[in-house]
Structure formats: C-alpha cells, structure tokens
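J.: What shape does this take:
(one chain, ligands or ions: 2)
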Amino acid sequence: MNPSLSSRLQSVLARAGQIVAFTGAGISAESGVPTFRGADGIWKKMRPEELASMNGFLANPALVWEWYQHRRTIIHTVRPNAGHEALVAMEALFGRVTVVTQNIDNLHRRAGSSSVIELHGNIERNYCLGCGEQYGGETVPLANRIPTCPRCGGLIRPDVVWFGEMLPEDAWEEAVRACGSADLLISVGTSGVVYPAASLPVAAKHAGAFLLEVNPEPTSLTPLADEYLCGPAGSILPLLVDQIRRLRTGALHEH
Ligand code: BJW
Ligand code: ZN
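T.: Ligands and ions are numbered 1, 2, ... in the order given. Coordinates of the predicted model:
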C-alpha cells in the first residue's frame, strides 16, 4: 500500500505550520483496543446508554465499573502502535503537532506526543460524585465492585465524558483554537458521528484548513475531506511521515 499523495497535499505538507491530528478509537485499534462502532465495536455487544451515561451508571454502577476496569486492563497491557508513533515523528519534523483526541486511553502521551488535548477525559482518572475528590486509576478503592469515596462515602466514577455531558471546558476551548488556526487537519480513526467533537474537523475546514482523512472505511467526514487515504493508521501514517521526509530532502536538494 503506497498512497500517492496529490500535489495539493504535497504542497500543504511542504508549507504547513499548524498541524492538528484529530483522532478517535481507530488509531488505537492496531494496539488491540476495541473501537466503539463497526464490526468489532463495543456497542455491538453492549448498549451505549447502559454504559456511557449517568443514568446508566446510576442504574447499574457495578456493570459500568466492570466495563471500565476491563478496558483499563486492556489499555495497561497494550502499547502505542506505529500510528501513534508516526504522529510523534511528525511532531519532530514540523516542530509541533497538536493532537486532539476523543480517546481516553492515554496512548498518545505514552507514545510521546507532547501536545495532547483530551476531549472525552482519561481512563486513568476518577472522581467522587459527592465531593469531587480526584482518584488515580491505581488508588481508586476498588476492593468493592462499586468504589466509594473514603472521604464522603459518595460514588466514584471514571473521569470520562458520557452522553449528555459537557466536554471539559478548557480542553474544548483549546481544541477549538487549535482547529481554527490549523493549516492541516488530519482526521484519523474516527467515525465522526459523536458531537460536539465531530464538529471540529468541519470547523477547521471552514476556517481554511486542508482536511486529510485516514481511515480504512469512509465515514461521515469523508465527503468533506480534501484528501482521503484509505487504510489503517498504523500503515498510512508512517508512509505519510516517509513522504514528508522525502519532500523535505527534495526541497533541500533544490537549494
Ligand atoms: C480505523 C482503524 C485503523 C478502525 N486505523 N482507523 C443527535 C444529533 C446530534 C448530537 C446528539 C444527538 N443526540 C444526542 C447528541 C449528543 C451526543 C451525540 O453526539 N450523539 C450522537 C452519537 C448522535 N453527544 C453528547 O452527548 C456529548 N455531549 C454533549 O453533546 O453535551 C451537550 C449536551 C448536554 C446536555 C444534554 C445534551 C447535550 C458527549 C459525547 C461523549 C461521548 N463519549 C464516548 C465515551 C467516552 C468514554 C469512554 O471511552 O468510555 O466517547 S462515546 C464514544 O464515541 C467515545 C468516543 O470518543 C466517541 C467517538 O467514537 P470514535 O472514536 O469515532 O470511534 P468509532 O468506533 O465510532 O469509530 C472508529 C473508527 O475507526 C471507524 O471509522 C473505523 O473505520 C476506524 N478504524 N480501524 C484507522 N486501524
Ligand atoms: Zn467524596
């Protein structure tokens, strides 16, 4: 698989100053973290409203905790893949790549990306619904199936964004700023159906960014993309890095 980049994309890559990678579950799929939708998606087996909503949590906190502990175990046993690593390599080439991620799996930071905006929280953090006290993944009192706060007895929940909840304000504002000033937005491994996150690539495009999509399947964003590279992130992103390196050396030889 060797995506031949359009001359338009080549010239964007040669000039781009502000680059945003907008990522979703698909970028972690090759690490072994299941995606939400699609053939092996989490939602095929479980109903999202049972698991990823406050009502679902209050109705069955043990089930929701079981699900998050299961996912935390997966995340702790996997490693960032070539897709995450390619974004780190791009950061080295461009000076800065802002990663705006919907993922809660921490894999971008573990790979070494230095500018990561987490729109939907982080599975390593938890907080008490009663008093707001924060608990780390390891310190959360999980001896019981439903962890409660040692300070106030309140229910502890994962610090992630469920359906019907607002996104963390700071992360959202930073993401809007980064997308509003991007020259290039690379949307990787997201179905683009969950709002407000899915509005960011659209906003970036309206503000003048070149929209590049990397996904093995077309998505709701594909019709809007300036360029669509069809394939898994772990193959396509490293090829993109190679092409950028080649463009750079080519440019050097011209001088
Ligand atoms: C690969 C690959 C490989 C595979 N390489 N790619 C009606 C219309 C519009 C909006 C709404 C509506 N009704 C309700 C809403 C709002 C709702 C929403 O958007 N719903 C839609 C689903 C309809 N949004 C919200 O509720 C948000 N809050 C909000 O709106 O607040 C305002 C408000 C307040 C009060 C009342 C009402 C509104 C919050 C959304 C929170 C989403 N939370 C989750 C769970 C996070 C915690 C956790 O992980 O447990 O976030 S849901 C889940 O979806 C998770 C993800 O971040 C998110 C996006 O999924 P993603 O990443 O795109 O994954 P997939 O599986 O969908 O796609 C994977 C892709 O990868 C596929 O395309 C594959 O092809 C691809 N792929 N292998 C590259 N190797
Ligand atoms: Zn508490």
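J.: do you know how far residue 103 is from ligand 1?
T.: For residue 103, the distance to ligand 1 equals 6 Å [Cβ to the nearest ligand atom, to the nearest Å]. Every C-beta, even on glycine, is put in place using the N, C-alpha and C of the backbone.
J.: who's in contact with that residue?
T.: By Cβ atoms under 8 Å, 6 or more residues apart in numbering, the contact list for residue 103 reads 23, 24, 25, 27, 28, 118, 120.
J.: Would you format those residues as a markdown table with secondary structure and neighbour count included?
T.: What follows is those, written out as a markdown table (DSSP: H, G, I helix; E, B strand; the rest coil; neighbours: other Cβ atoms under 10 Å):
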| residue | secondary structure | neighbour count |
| --- | --- | --- |
| 23 | strand | 28 |
| 24 | coil | 28 |
| 25 | coil | 22 |
| 27 | helix | 34 |
| 28 | helix | 28 |
| 118 | strand | 24 |
| 120 | coil | 21 |
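J.: all helices of the stretch 51-200 of the chain, in order?
T.: In the stretch 51-200 of the chain, the helices defined using DSSP state H, counting those that start in this stretch lie at 54-59, 61-77, 82-94, 107-111, 169-180, 199-206.
J.: Correct me if wrong: residue 202 contacts residue 220.
T.: No. Using Cβ atoms under 8 Å as the test, residue 202 is too far from residue 220 to be in contact (9.9 Å).
J.: The longest strand along the chain and ligand 2, any residue contact?
T.: When the chain is parsed with DSSP state E, its longest strand is strand 121-128. Yes. Strand 121-128 is in contact with ligand 2 by Cβ under 5 Å from the ion, via residue 128.
J.: partners of that strand, with directions?
T.: For strand 121-128, the paired strands and their directions (DSSP bridges) are strand 134-136 (antiparallel), strand 156-160 (antiparallel).
J.: Let me know which of the ones you listed is tucked in deepest.
T.: Comparing the strands paired with strand 121-128 by mean neighbour count (mean count of other Cβ atoms under 10 Å), strand 156-160 comes out on top with a mean of 21.
J.: how close does residue 207 get to residue 88?
T.: Distance from residue 207 to residue 88, counting by Cβ to Cβ, to the nearest Å: 26 Å.
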